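Participant: here is my input; please provide its structure:
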Amino acid sequence: MLYVRRDWAEQSVTMPPFAPLLLVLTFCSAQFAGSSAVSTSSAANPGFVVRLSLVGINRVANETTNAFTAEVTQLLRTLPDKEKLFSGGTYYLKNFRLEEFHLPQSVVTLKPGIGIVWSLNNASISLSFDWSYSYQLYFVFQDSGKARVSIKEVSLTTKIFISANKEGKPKVYMSSCMVAAYSISVNIDGSAFDWIYELMANILEEMIKDQLTAKICVSLRTAIDKHVTTRLSQLKMSQVIASKLLLDYRLIANPTFMADYIETYHSGKFQLIGDRLKSAFTAPELGLLPPSSNSSLLTLVLSKYMLDTLLESLSRSNSLQLNITERFLPRNASTLLQTICNSSTLCLGKVFPQITSRFPGVSGNIVVKQSMLPKTTVDENYITLTTEVLMTVVVSKLNNTKSSTITVTLTISAAMTAFLSDNRICGNLANAHFTIRSVTSKDFKLQGSSSLENLNKFLAVLLDFIVPECNKYLNAGFELPSLDGKQYDNPVVRLTQNAIIISTNGITDIMTDAFYDK
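Facilitator: Residues are numbered from 1 along each chain as shown. Here you go, the predicted model:
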């Protein structure tokens, strides 16, 4: 049985949100993994894994497409006036106006071993502007008018990937960018020499082709730098919890991508703030995720390593303990800690009869704390918590002039189930049982089998009160990694070997300022 100190449990504790990791997953690269197992080339196994499906990747890509579209729109609306000399003359283009811009269709393809190929297809642009020219041969020719340029079926293809830097933060790369326009038409209204207008249209078409690739690729890089790279560089790689704990979720390896999903691998280690001691635990290898994980938008894998290091940190801070007094017990069991009770009830005096004569009419108290690090196992049915605890019974005379202690060493094990409620992951203890290892005291001894039987009954009754008390906090649970306070759409939790898996098919507001360093 594991106990969380009340002053910690009463604080508002929110699990760290992992919305920025969705950006990490959007642009990444790694070596082809060869299976759908959770694996990484890093020497250490991850404590926390995020899998984003192709559906989720396209959703994030659409967010970036909108940002890219805004950049291009601003570019087209602020095109500078042009003046160009040609043989014997000069032409001027000015007052550019954006008449029409159809948004591109965003398509993301994952290429194992290569990177992410992001294509924007079927964009169309229509611009109008004023023109004039002056051409001198033997005398001056000049004219002016309006023109309209239509560019249809514009496509852009870029390859993007990411790696983990030495700080465990993601670094984005755009390795290539290609732009093509399948249809460019220029209509010029004027009153003189058609051949000059045709020449001007040809010059314009070539200029547009030259500028299109450079300007749009620059705009795409600007959009990535502004809306992705900058934010990724500001990602918090750790989160303070309850003012005492730190959760480290730095990247420990480059992401891995398959044809229909991407995975990122994170430390997932809990530790006390300022604690530099090495953990006694290492992250276990995680097995195959269920096939449904590939169809879910987002899947979070919480290794049992996170539970181990959380309990280890709480243990190091002496927080896994409980003080039991009469005030802790319900009224109908308030005699449990008394040294005298009637024949129909159970109390300390019946477990240790010597207490009745030496400390008549008083009530003892019990301090429970672990004597070894709690251990966890996770399988398809339960999270099992096992620890060895010291239960120290203290009995004092009313004037505190004399006291005695009894120490009972127990191995306690409890099975916990996990469930989701109101966007929170919750737990519930069940099937708690104990084994008595030893009973020591300078003043008292168990007397015969009846005393041992009464001790077992005493501990069983005590456990019946402790488990519901623990479940008050476990049932309240922790908030799921949230995105600007938004709810997951029908999230599902399941247990598997060494891990808790949470999956959802819907999340909104992926990009938020709430989780970045200022």
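Participant: where do the helices sit along the stretch 301-450 of the chain?
Facilitator: Along the stretch 301-450 of the chain, counting by DSSP state H, counting those that start in this stretch, helices occupy 304-316, 348-351, 353-358, 448-476.
Participant: quick one: those as CSV, columns for distance to residue 399, mean neighbour count and mean pLDDT too.
Facilitator: Using the backbone N, CA and C atoms, a C-beta is placed for each residue, glycine as well. Converted to CSV, the helices of the stretch 301-450 of the chain look like this (distance: least, CB to CB, whole Å; neighbours: other CB atoms under 10 Å; pLDDT from 0 to 100):
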stretch, distance to residue 399, mean neighbour count, mean pLDDT
helix 304-316, 36, 22, 91
helix 348-351, 19, 24, 89
helix 353-358, 14, 16, 86
helix 448-476, 26, 15, 87
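Participant: turn these into TSV, including distance to residue 170.
Facilitator: Shown next, in TSV, are the helices of the stretch 301-450 of the chain (distance: least, CB to CB, whole Å):
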stretch	distance to residue 170
helix 304-316	21
helix 348-351	59
helix 353-358	63
helix 448-476	33
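Participant: what's the closest of the ones you listed to residue 409?
Facilitator: Closest approach to residue 409 among these (CB to CB): helix 448-476, 11.7 Å.
Participant: how far does the closest one sit from the chain's center?
Facilitator: Going by CA atoms, centre = their mean, to the nearest Å, the spacing between the C-alpha centre of helix 448-476 and its chain's C-alpha centre is 37 Å.
Participant: same check, this time on stretch 379-390
Facilitator: Here the centre of stretch 379-390 is set off from its chain's centre by 25 Å, with CA atoms, centre = their mean.
Participant: alpha carbons only: can I get it in PDB?
Facilitator: What follows is stretch 379-390 as a C-alpha-only set of coordinates in PDB (Å, rounded to 0.1, in the frame of the first residue of the first chain):
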ATOM      1  CA  ASP A 379       0.200  -6.000 -17.400                       C
ATOM      2  CA  GLU A 380      -3.000  -6.100 -19.500                       C
ATOM      3  CA  ASN A 381      -5.200  -6.200 -16.400                       C
ATOM      4  CA  TYR A 382      -3.700  -4.400 -13.500                       C
ATOM      5  CA  ILE A 383      -1.000  -2.000 -12.200                       C
ATOM      6  CA  THR A 384       0.400  -3.900  -9.200                       C
ATOM      7  CA  LEU A 385       2.100  -1.900  -6.500                       C
ATOM      8  CA  THR A 386       4.300  -3.800  -4.000                       C
ATOM      9  CA  THR A 387       6.400  -2.400  -1.100                       C
ATOM     10  CA  GLU A 388       7.700  -3.300   2.300                       C
ATOM     11  CA  VAL A 389       6.500  -1.100   5.100                       C
ATOM     12  CA  LEU A 390       7.200  -0.600   8.800                       C
END
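Participant: across the sheet, point out what pairs with the closest residue to residue 107 other than its chain neighbours.
Facilitator: Spatially, and ignoring its direct neighbours in sequence, residue 107 is nearest to residue 119 (4.7 Å; CB to CB, 6 or more residues apart in numbering). For residue 119, the beta-bridge partners are residue 107, residue 157 (DSSP bridges).
Participant: give me the low-pLDDT residue ranges for the stretch 251-400 of the chain?
Facilitator: Along the stretch 251-400 of the chain, segments meeting pLDDT under 70 span 290-294, 400.
Participant: residue 199 sits in which helix or strand?
Facilitator: Counting by DSSP states H and E, the element that carries residue 199 is helix 194-224.
Participant: ok, back up a step: count of neighbours near the residue nearest to residue 107?
Facilitator: Neighbourhood size, residue 119 [other CB atoms under 10 Å]: 16.
Participant: count of neighbours near residue 261?
Facilitator: Using other CB under 10 Å, the number of residues around residue 261 comes to 24.
Participant: what's the nearest residue to it if we skip its chain neighbours?
Facilitator: Spatial nearest neighbour of residue 261, chain neighbours left out: residue 53 (4.9 Å); criterion: CB to CB, 6+ apart.
Participant: ok so, going back, what residues sit buried inside the helix holding residue 199?
Facilitator: Buried residues in helix 194-224, counted by 16 or more other CB atoms under 10 Å: 196-197, 200-201, 204-205, 208, 212, 215-217, 219-224.
Participant: show me what that helix is packed up against.
Facilitator: Under the contact definition 3 or more CB pairs under 8 Å, 6 or more residues apart in numbering; DSSP states H and E, helix 194-224 sits against helix 54-77, strand 89-102, strand 115-136, strand 140-164, strand 170-189.
Participant: okay, the ones you listed in a markdown table with distance to residue 453 next?
Facilitator: Formatted as a markdown table, these follow (distance: least, CB to CB, whole Å):
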| stretch | distance to residue 453 |
| --- | --- |
| helix 54-77 | 58 |
| strand 89-102 | 83 |
| strand 115-136 | 67 |
| strand 140-164 | 59 |
| strand 170-189 | 61 |
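Participant: which one of the ones you listed lies nearest to residue 323?
Facilitator: With CB to CB as the yardstick, what comes closest out of these is strand 140-164 (44.9 Å).
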